[in-house]
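1. prediction below, plus the sequence it came from.
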Amino acid sequence: MRVVDDLQEQYRQELHNQEVKSNMRTLKGFCWIFAGFTLIWLLAGVGFFDVNLKSITMAYGISVCMMLPVTLIYIKGNLSAGWIKYYFLASVSVICGIVMGFLSFHATLVCVVPLLFAIQYRESGVLWFSFWANTITMFLSSFVSFYIGLCDLNLLYKSNYTRDWYLEHMTGNVISLPFNENVPFIIIVYEVFPRVIILMVFAIMLRYTIISSREDALRIADLTYRKETDITTRLFNKNKYEEMAENYYPGLSRVAVIFWDINNLKQTNDKFGHATGDALIETMSSKLYEKTNDRIRAYRVGGDEFLLLIENPVQGESNKVIAEVKESLRSCYEEGGLQVSSAVGFAEGSGAQIRELVKLADERMYQDKFESREGRL
């Protein structure tokens, strides 16, 4: 169960990290939306697009106002907060609704943008939140577009006929069409409802993509966990240590290396059986695991050898950690657990000297083993 719990915790942490990255990508998406809208507004201003400049300027101005709090969140906010993604997606839905409200049929494809933003979060709940937020803004924007924005004449007139019908009923170059009597009903039934159906199909298919993505993420987390973790002890394995020693620790200004070794493990296995030896390893590793945090990592680098590496240690921290582990082992024995005899050595220095520090800590550990009675047995 401990291995499963660790894997799930690593998986949750990975999803959290991905959420922060997704928030950053959403911010970049805001920038692209704003850049695209700015380009359209400028082209409309110089007459490249034959649209009502007042309508597109109103839409652009309101969108700029919506971007201001998003910008403040980027500058001062905490992108790891759980509510950030919902605010961003709601803002995307509102901005897309504004665009559709003032540009109507010219911006129909915009309605799928919030769903595309939502899928990167890999959560079905987030996807459906975006769907409903988008549905509400699309409903409102349909009425805004009819009464304020660029009016879709298909909603104003009864014009749901084929091309041949129009040609048959045309007198010269003129055709007479009756007004729709119940415009709100027409908007809801013939504009909003079909778009909602299309969006729902999009959402359902994107949900399948999210499910596949989460399954892949869990599979990758499992493979990563097995690649980096000693399953028996929950500590990082030698592969992970080698990777960190090559790519991570050399970049630190200071690092402390504490080298632990269980005394007489082979003799214990021969005399009392491997189950007892495994219990000693389990006890030792559990006490080291208790000391791990964001700065302290524990590695099992051999059958009975362990490393505890401290990033940027404060003065006296190594001695304090060693004393606490020894006290924890002693308390465990007094409470009826196994007595674990171990040797320890430590060294501190620049992260660039990580290999030399490990070697020095190893030498000091063997010196401690030689000087202790248990180590010489």
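-> Perfect, thanks for sending it.
2. ok, the residue nearest to Phe30 when sequence neighbours are not counted - contacts?
-> Distance criterion CB to CB, 6 or more residues apart in numbering; nearest residue to Phe30, sequence neighbours excluded, is Val70 at 5.7 Å. To be clear about C-beta, it is placed using only N, CA and C from the backbone, and glycine gets the same treatment. Neighbour list for Val70: Leu27, Phe30, Phe88, Ser91 [criterion: CB atoms under 8 Å, 6 or more residues apart in numbering].
3. Asn319 too?
-> Phe346 are the contacts of Asn319 under CB under 8 Å, 6+ apart.
4. that one: which element?
-> helix 317-334 (DSSP states H and E).
5. and the contacts of the following helix or strand past that helix?
-> Downstream of helix 317-334, the first helix or strand assigned by DSSP H and E is strand 342-349. Residues from elsewhere that reach strand 342-349, judged by CB under 8 Å, 6+ apart: 254-263, 284, 313, 318-319, 322, 326, 329, 356-358, 360-369, 372, 375.
6. let me know the angle separating strand 342-349 from helix 317-334.
-> Interaxial angle of strand 342-349 relative to helix 317-334 (axes from the mean of the first three to the mean of the last three CA atoms, to 10 degrees): 160 degrees.
7. below-threshold pLDDT in this protein: ranges please.
-> 1-11, 14-15, 105-106, 149-161, 176-180, 337-338, 373-377 (pLDDT under 70).
8. ranges for the strands of it?
-> With strands called from DSSP state E, the chain shows them at 255-262, 296-300, 305-311, 342-349.
9. for the second one, name the packing helices and strands.
-> Which is strand 296-300. Judged by 3 or more CB pairs under 8 Å, 6 or more residues apart in numbering; DSSP states H and E, strand 296-300 is in contact with helix 238-247, helix 274-289, strand 305-311.
10. which parts of stretch 341-352 are buried?
-> Ser341, Ser342, Ala343, Val344, Gly345, Phe346, Ala347, Glu348, Gly351 (16 or more other CB atoms under 10 Å).
11. quick revisit: restricted to helices, list the contacts of Val70.
-> Leu27, Phe30, Phe88, Ser91 (DSSP state H).
12. compare the residues you listed and tell me which has the most neighbours.
-> In terms of neighbours by other CB atoms under 10 Å, those top out with Phe88 at 24 neighbours.
13. wait, that residue touches Thr26, no?
-> Yes - assessed by CB atoms under 8 Å, Phe88 is found in contact with Thr26 at 4.8 Å.
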